[in-house]
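Undergrad: Model the structure of this input:
(chains A and B)
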There are 2 protein chains.
Amino acid sequence: MSDDHRPAPGELFDAAGRGDRSALARLLSMVERGGTDARVVGRRAHGLAGNAITVGITGAPGAGKSTLTSALMAVMRAHDEQVAVLAVDPSSPYTGGAILGDRVRMGEHALDDGVFIRSMATRGHLGGLSLAVPEAVRVLDAVGFPTVIIETVGVGQVEVEIAGEADTTVVVVNPGWGDAVQANKAGLMEIADVFVINKADRAGVNDTLGDIERMLSLRSPSGWRPPIIATTATTASGVDEFREALHAHGQWAASSGERDERRAKRAETELDRIITAQLRARVGALHDADAWEATLADVRTLRVDPWSAAESLLG
Amino acid sequence: MSDDHRPAPGELFDAAGRGDRSALARLLSMVERGGTDARVVGRRAHGLAGNAITVGITGAPGAGKSTLTSALMAVMRAHDEQVAVLAVDPSSPYTGGAILGDRVRMGEHALDDGVFIRSMATRGHLGGLSLAVPEAVRVLDAVGFPTVIIETVGVGQVEVEIAGEADTTVVVVNPGWGDAVQANKAGLMEIADVFVINKADRAGVNDTLGDIERMLSLRSPSGWRPPIIATTATTASGVDEFREALHAHGQWAASSGERDERRAKRAETELDRIITAQLRARVGALHDADAWEATLADVRTLRVDPWSAAESLLG
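TA: Coordinates of the predicted model:
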């Protein structure tokens, strides 16, 4: 730790790698805030990352994703597997490891060094969550978590996108009429590698199963047919099978080349997003330039047409 | 006309200014297509424009906007006012003065040089309709139309935005329960300078009137209280009053400074959009650069982190 109590990212990485959860939380806060620190963290994480498997979990609010994730964590721990969870909520103004939600969620895992849960919104990260999440995943990967679960709160466009950009994507629905149809509308059918019908102690499991199978039959056949697992997360019923389905997809994805293909695609998408975000920042910076007000005045008074003005500002 | 039958924008402007509708249509096609020709047209139009009043007309599909616009045109022509209409449809893959729709719509006005109707989608214009429409308006302004009506097909985000960026914005609703509430949800209450309850021969006019008045009472008071006009466009009932309401708002906007303020704001918005579109084009151009594939390969194989890659590509 440095004298001014602001440890450098390098020191934090070393500490986090030794299991210091507070150091890890500070690294993730740097990523959330964006800016210079985030860049240093990102570079360091990148050099150390590349081993973690990512699992995206999405589905409508109320489907029981948090409970399912917690039950999955317990089963993974019983198999001595370490796991980190990023709970992504684009709509939340709050974030960070310190908030009540994370402490409550940690619950039974609070004294277990093999798990880590972190809520994530976006404080000021350039490009928002779709850029901050891959960076945060790399940090968790870099400090040694072999599995990183990315759990999204709702099924908004950003959340579906984030959940879909994982090695394995899980879509959680509930029993009963129409739930799977709604999931289909939200674009979840295309991204699902594994389906979970959670709250399977309720009526209508077979209806939902039938709905999903019908929709899957419309999907163009690839090498992987998504399994449909019925769970009751509150009693851990079906969660063993859920974990096995994740492993099965992981093995298929690794051997078929699907995983490498997705990762290559994600790298390209991320590069595009970063470039777009950087260019947007440059537009913002133009507003601060001396020439901006003068040029804007010329455009407002019709002395200069806006395209010529844009050209002269962009140089 | 030049030897190769591809007249220069300058020649087309001269011809269009003399009333040549086919030359005007070709200018607008150039704007729709975007690219180098569009830039030349835009610059020329900008130098000649600045006199037209723009009227945006929006409302749910089926509200009778086209019929109302046509009836308004007839009343304006009876007062010897010239008018051009841009019918904006972001969802349409078709466009251009030649399509059947425009010919049908021209209908009774077909032989009248004082009116002009043009459908507009976006063929390839950088930045889409929100950039192509102001350019098209400038062309119609430049060739001498004192009023340009921008009529949007639906109430999508782009359409509301486009209709709201006029000197006077008209929101068209129908009688009956809930229609005004839907309009409110679509963000139309805030942008309305004039309300029209069209199809006023149907039941429920007073309900809708009450709904609008209640919603208006929640709006922060500005210098202008939007009038609410009941029309039956098919019989031209109320359309005289509609025209008068437009004039009244126009006079208030001119004398209060509101018009200049809106135009200055629009100039700034347009400049921002052009800059963003130009920067996006540069991202696209990066994909064609020699360095792109090599850099992307480095990112995919984790040799370089994506932020460093973006920096090196952006230079």
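Undergrad: Show me what from chain A comes close to chain B.
TA: A:39, A:42-43, A:46-47, A:49-50, A:263-264, A:267-268, A:270-272, A:274-276, A:278-280, A:282-283, A:286, A:295-296, A:299-300, A:302, A:305-311, A:313-314 (Cβ under 8 Å from any Cβ of the partner chain). C-beta: built from backbone N, CA, C; applies to glycine.
Undergrad: tell me which element A:Thr136 is part of?
TA: In this structure residue A:136 is Ala, not Thr. Assigned by DSSP states H and E, A:Ala136 falls within helix A:129-142.
Undergrad: Let me fix that, I meant to ask about A:Ile162.
TA: Counting by DSSP H and E, A:Ile162 is part of helix A:157-164.
Undergrad: and what of A:Met73?
TA: helix A:65-78.
Undergrad: coming back round to it: between the helix holding A:Ala136 and helix A:157-164, how many degrees?
TA: 30 degrees (axes from the mean of the first three to the mean of the last three Cα atoms, to 10 degrees).
Undergrad: Sketch out the strands for the stretch 101-250 of chain A, chain order is fine.
TA: A:115-120, A:147-152, A:168-173, A:194-198, A:228-231 (DSSP state E, counting those that start in this stretch).
Undergrad: Give me the distance from the third one to the chain's centre.
TA: Taking Cα atoms, centre = their mean, to the nearest Å, one finds strand A:168-173 lying 13 Å from the centre of the chain it belongs to.
Undergrad: next one: the second one
TA: The offset between the C-alpha centroid of strand A:147-152 and the centroid of the whole chain comes to 6 Å, using Cα atoms, centre = their mean.
Undergrad: Run through the neighbouring helices and strands of that strand.
TA: Under the contact criterion of 3 or more Cβ pairs under 8 Å, 6 or more residues apart in numbering or on different chains; DSSP states H and E, strand A:147-152 touches strand A:53-59, helix A:65-78, strand A:83-88, helix A:129-142, helix A:157-164.
Undergrad: helices and strands around the last one, which ones?
TA: The elements that helix A:157-164 packs onto, with contact taken as 3+ Cβ pairs under 8 Å, 6+ apart, are strand A:53-59, helix A:129-142, strand A:147-152.
Undergrad: angle of that helix against strand A:168-173?
TA: Going by the same axes, to 10 degrees, helix A:157-164 makes 130 degrees with strand A:168-173.
Undergrad: Can you list the buried residues in helix A:157-164?
TA: Buried residues in helix A:157-164, counting neighbours by 16 or more other Cβ atoms under 10 Å in any protein chain shown, are found at A:158-164.
Undergrad: Next, format the residues you listed as TSV and append pLDDT.
TA: Shown next, in TSV, are the buried residues of helix A:157-164 (pLDDT from 0 to 100):
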residue	pLDDT
A:Val158	78
A:Glu159	81
A:Val160	85
A:Glu161	87
A:Ile162	89
A:Ala163	89
A:Gly164	90
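Undergrad: Out of those, which two sit at the greatest distance?
TA: A:Val158 and A:Gly164 (10.7 Å; Cβ to Cβ).
Undergrad: ok, the residue of the stretch 1-150 of chain A found nearest chain B - contacts?
TA: As assessed by Cβ to the nearest Cβ, chain B sits closest to A:His46 within the stretch 1-150 of chain A, at 3.6 Å. Neighbour list for A:His46: A:138, A:142, B:302, B:305 [criterion: Cβ atoms under 8 Å, 6 or more residues apart in numbering or on different chains].
Undergrad: where's it, which helix or strand?
TA: Assigned by DSSP H and E, A:His46 falls in helix A:35-48.
Undergrad: Quick check: buried residues in that helix?
TA: Buried-residue list, helix A:35-48, by 16+ other Cβ under 10 Å: A:37-39, A:41-42, A:44-46.
Undergrad: which one of these is nearest B:Leu129?
TA: Nearest to B:Leu129 out of the buried residues of helix A:35-48 is A:Ala38 (Cβ to Cβ; 35.9 Å).
Undergrad: distance of that closest one from A:Glu161?
TA: Applying Cβ to Cβ, to the nearest Å, the value for A:Ala38 to A:Glu161 is 20 Å.
Undergrad: rewinding a little: now the helix holding A:His46: how far from the chain's centre is it?
TA: 18 Å.
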